[in-house]
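> Provide a 3D model corresponding to the input given below.
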Amino acid sequence: MTLPLEREAVLPRIDGIRKNIQRLQKLGELPLEDFQEGDSFDLAQHHLRLALEGVFHISSHVLSRLPGGRAVEYREIAQKLGDLGVVEKKFAEERLVPMAKLRNLLVHHYADIDPKRLYITVKEHLSDIETFLRHMKTLLEHPEKFDLEVK
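Numbering: from 1, shown residues only. So this is what the prediction gives:
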């Protein structure tokens, strides 16, 4: 028997991710020159790291409930979500795997982050996180598709 998905392990993280996205969207409204100056760049790194940590905490929780879902590394977590059909395989490969790489960069190589690359990510790729959140909402609403229940 598999363990149920725990609503209280997922919903607060979704809320936190959405708050981080809102803050990132405001930072993305700045011109690149302003984004690179002062605290904006540092704040963007912080909020993006928190959002991505949330994505992978939720993902780990979900995978821990699915047979064959064990994964340790963030890239592997992203791939398993696609392999097991929690998200489309193409989305996992083209969006979640790069998110895993970016998360690792933000955590381990933060001094090497290119402000322009981060700015582009904030301006153009926050929708990928929103797409992930929609998948998680669907999973919580229809856990039976994966022989799961929600507690």
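> so which residues of the protein form helices?
Taking DSSP state H as the test, the helices found in the chain are 7-28, 32-36, 40-64, 74-83, 89-91, 97-108, 115-124, 126-141.
> tell me what the fifth one is packed against?
Taking 3 or more Cβ pairs under 8 Å, 6 or more residues apart in numbering; DSSP states H and E as the contact definition, the neighbouring helices and strands of helix 89-91 are helix 74-83. In this view, the C-beta of every residue, glycine as well, is placed from N, C-alpha and C.
> likewise the third one?
Packing contacts for helix 40-64, counted by 3+ Cβ pairs under 8 Å, 6+ apart, involve helix 7-28, helix 32-36, helix 74-83, helix 97-108, helix 115-124, helix 126-141.
> which of those sits closest to L63?
Among the helices and strands packed on helix 40-64, the nearest to L63 by Cβ to Cβ is helix 74-83 (5.5 Å).
> now do the buried residues in the closest one.
Neighbour-count burial for helix 74-83 flags Y74, R75, I77, A78, Q79, K80, L81, G82, D83 (criterion: 16 or more other Cβ atoms under 10 Å).
> in CSV, list these along with pLDDT and distance to L118.
Below are the buried residues of helix 74-83 laid out as CSV (pLDDT from 0 to 100; distance: Cβ to Cβ, whole Å):
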residue, pLDDT, distance to L118
Y74, 95, 18
R75, 96, 20
I77, 97, 22
A78, 97, 20
Q79, 97, 24
K80, 97, 27
L81, 97, 24
G82, 97, 25
D83, 96, 29
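> doesn't L50 make contact with G16?
Yes: between G16 and L50 there is a contact under Cβ atoms under 8 Å: 7.0 Å.
> re earlier: now the buried residues of helix 74-83 as TSV including distance to T138?
Listed next are the buried residues of helix 74-83 as TSV, based on distance: Cβ to Cβ, whole Å:
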residue	distance to T138
Y74	22
R75	23
I77	18
A78	18
Q79	20
K80	17
L81	13
G82	15
D83	18
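> ok, so of these, who is nearest A111?
Y74 (19.7 Å).
> let me see the confidence value for the residue nearest to that closest one when sequence neighbours are not counted.
Excluding its sequence neighbours, the residue lying closest to Y74 (Cβ to Cβ, 6 or more residues apart in numbering) is A100, at 3.7 Å. pLDDT, A100: 96.
> so what's A100 up against?
L52, F56, E73, Y74, R75, I77, A78 (Cβ atoms under 8 Å, 6 or more residues apart in numbering).
> nothing else from me, thank you.
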